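1. coords below, sequence missing:
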């Protein structure tokens, strides 16, 4: 149970030249929001917008939520991280994740199997780079250093740049219980994509049982203040239908599996069926109100304030607000959460 929630904002993917959230990030910083988080999928990257916002702010933490392992080698991600951490004065929180086979194999052209083992190896190499105690090496099998083939002239190296911090906080973006348990074992935090504060604690209780003190669960929550709760709920259902129906293969969709674990199997498969049949509006309508309402904070401000109690009663420690970009809305949420 969390008595004092920390507050951040999730600005998501950078999508177009006009999608500059600088004023939102500045307003959040002035209001005492602790962090801002950017995302990537198969378009823009997460580091560049985060650097852009970091250069225009002074105190707010900078989180990647998340960068995809298969987009970069472990040392490349470690270099990105130590550079941004230096430039921002030690503000980086590095969120990483494996994504899914459609993106990994279809977009990055990399193999997807054994995601947990790859994550463990990846994080170990990054921490070697940051700690700079010896040249970075790995026996593999996923990221062998030095590379065992090629010219055979490769040799272990240490970063020529000394990291500002040898212990940059790492968060895992994880959905399955085994991956969440891995986050609790080797990372500093977990960034769930879909979390129901009244259902998910039971789903992940065993996975998080060994989480150390200070383990941060930083959860993105769509917040849609609106006088018409039903209308706000329907808006909240749109991305849920997309993730359930379109962000994964028909026979292997990790996002859909999250909703199955929550107890919404029948509805989730119905949404997927409608979405893949091209009946997108019907797919949105098929998302249960209870599910959309549990994952989001929607409706009039007094209703949102009331429903915040469920998040305070959950293991979530940091609430990352998505969907609110204006200063009055950010201020209202700040007063609800932080007082």
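-> Looks like it arrived, so ask away. A quick note: this is a predicted structure, and the numbers were derived from the prediction, not measured. Numbering: from 1, shown residues only.
2. Please settle this for me: is residue 222 part of a strand?
-> Yes: applying DSSP: H, G, I helix; E, B strand; the rest coil, one finds residue 222 inside a strand.
3. Quick check, it in contact with residue 295.
-> Yes: between residue 222 and residue 295 there is a contact at 7.1 Å, judged by C-beta atoms under 8 Å. Glycine gets a C-beta too; all of them are placed from N, C-alpha and C.
4. Spell out which residues are contacts of both of these two.
-> residue 236 (C-beta atoms under 8 Å, 6 or more residues apart in numbering).
5. Which residue of the two possesses the greater neighbour count?
-> Using other C-beta atoms under 10 Å, the more surrounded residue of residue 222 and residue 295 is residue 295, with 26 against 20.
6. what sits against residue 72?
-> Taking C-beta under 8 Å, 6+ apart, one finds residue 80 in contact with residue 72.
7. So residue 198: helix, strand or coil?
-> Going by three-state DSSP, the secondary structure assigned to residue 198 is coil.
8. tally of neighbours for it?
-> Close neighbours of residue 198, defined as other C-beta under 10 Å, add up to 13.
9. Based on its surroundings, how many neighbours for the closest residue to residue 169 other than its chain neighbours?
-> Computed as C-beta to C-beta, 6 or more residues apart in numbering, the closest residue to residue 169 that is not its neighbour in sequence is residue 188, at 4.2 Å. For residue 188, the count of nearby residues is 17 (other C-beta under 10 Å).
10. Now do residue 14 against residue 169, distance only.
-> As judged by C-beta to C-beta, to the nearest Å, residue 14 and residue 169 stand 22 Å apart.
11. err, residue 306, not the other one
-> 32 Å.
12. Show me which of the two is the more surrounded one.
-> Between residue 306 and residue 169, counted using other C-beta under 10 Å, the more crowded position is residue 169 (18 against 13).
13. Could you list the domains of this protein?
-> Domain assignment for the chain by automatic domain parsing gives 6-223+300-338, 227-296.
14. Mind putting those domains into CSV with mean pLDDT?
-> Converted to CSV, those look like this (pLDDT from 0 to 100):
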stretch, mean pLDDT
domain 6-223+300-338, 96
domain 227-296, 92
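15. list the contacts for the residue most central in space within the chain?
-> Nearest to the geometric centre of the chain sits residue 65, at 3.5 Å (C-alpha atoms, centre = their mean). By C-beta under 8 Å, 6+ apart, the contact list for residue 65 reads 10, 37, 38, 39, 46, 95, 171, 173, 191, 218, 220, 320.
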